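1. Pasted the sequence and its predicted model underneath.
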Amino acid sequence: MTGSSEIPESFRGLRVAPSLLSADFSGLGSAVDEVLEAGARVIHFDVMDGSFVPPITIGPLVLSSIADRVHEVGGVIDVHLMVDSPERQIAQFAEAGADSISFHIEATAHAHRSLGAIRDLGCLAGIALNPGTPVEAIEAVAGHADMIVVMSVNPGWGGQSYIEGSEERIARIRELAPETLIEVDGGIGTATAGPVAGAGASLLVAGSAVFGAADPGSAYRAILEAAEAGTT
Ligand code: DX5
Ligand code: ZN
């Protein structure tokens, strides 16, 4: 994307972001199309390096293979880096078609510099924090981020249960950074979407609840409806 730190329309409002981590990678293009056709406009892209978290997942080559089909319909790709020293990887993902890039506060000594580097590359800059990390850990850099990613599971795997009380962390971050987008990631489905949206999250990542369903498009819409109900 171009134009640093201006929030694109597809990131605004209440959004459910299907996470490709739970998709069938033998038909990745079809999986992406299915949720785009259902109305999804934020596609969540989980990058794991086998170091910050044990699994190894996908990287810039896979990102570039889906970028056009997402961008053609006005969608955006939301990259979640679960890697050590993310500052080494940022440029590759921006070049491959990322619209936002988030990294973990636990993974780098250079959070402030990295947020600036992401914005300079024309992407929204996000900072993520693990369930065991005090919310105060992001206080100094929150004002330099476009997005704060609140992990509601421990990063590394799809299909885990939502950690109860995560909505209280969301509410505290909402107070700490009232102007910043809040994304919640982990264990989101129809039962948890309402409470996290009500607490102030506007980007809800859902992996297994979407791609693990018989009909991912219907599952996406049901989670969005549950989120909307949580804000009224
Ligand atoms: C976990 C990833 C998540 C994952 C969520 O480390 O960051 O984005 O795909 O999966 P679910 O929605 O199944 O908890
Ligand atoms: Zn994620």
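-> Nice, thanks for sending it over. Ligands and ions are numbered 1, 2, ... in the order given.
2. Now the closest residue to ligand 2 within the chain: which helix or strand?
-> Closest contact between the chain and ligand 2, by C-beta to the ion, is at His80 (3.7 Å). C-beta coordinates here come from the backbone N, C-alpha and C atoms, glycine included. Per DSSP states H and E: His80 is located in strand 76-82.
3. from what I can see the residue of the chain closest to ligand 2 touches Val42, true?
-> No: the pair His80 / Val42 is not scored as a contact, 11.4 Å apart, by C-beta atoms under 8 Å.
4. Of these two, give the one with the bigger neighbour count.
-> His80 (26 against 23; other C-beta atoms under 10 Å).
5. which ones are touching that one?
-> Contacts for His80 (C-beta atoms under 8 Å, 6 or more residues apart in numbering) come out as His44, Phe45, Asp46, Val47, Ser102, Gly126, Ala128, Val149, Asp185, Val205.
6. Distance check, it against ligand 1.
-> 5 Å (C-beta to the nearest ligand atom, to the nearest Å).
7. Filter the contacts of His80 down to the buried ones.
-> His44, Phe45, Asp46, Val47, Ser102, Gly126, Ala128, Val149, Asp185, Val205 (16 or more other C-beta atoms under 10 Å).
8. Please, where are all the helices along this protein?
-> Assigned by DSSP state H, the helices in the chain fall at 28-37, 60-72, 90-96, 111-120, 139-142, 166-176, 190-199, 208-211, 216-230.
9. re earlier: close to ligand 1 as well: tell me which of the contacts of His80 qualify.
-> When contact is defined as C-beta under 6 Å from any ligand atom, the contacts of His80 meet ligand 1 at His44, Asp46, Asp185, Val205.
10. Contacting ligand 2 as well, which ones from those?
-> Among the ones next to ligand 1 among the contacts of His80, the ones lying close to ligand 2 by the criterion of C-beta under 5 Å from the ion are Asp46, Asp185.
11. Which ones among the ones next to ligand 1 among the contacts of His80 map onto strands?
-> Counting by DSSP state E, the ones next to ligand 1 among the contacts of His80 place His44, Asp46, Asp185, Val205 in strands.
12. how close does Ile56 sit to Leu121?
-> Separation of Ile56 from Leu121 (C-beta to C-beta, to the nearest Å): 24 Å.
13. repeat for Ser208
-> Using C-beta to C-beta, Ser208 is found at 31 Å from Leu121.
14. Please see if stretch 102-122 touches ligand 2.
-> No: Stretch 102-122 stays clear of ligand 2 (C-beta under 5 Å from the ion), getting no nearer than 8.2 Å.
15. where does this structure have low pLDDT?
-> Within the chain, the segments meeting pLDDT under 70 span 1-5.
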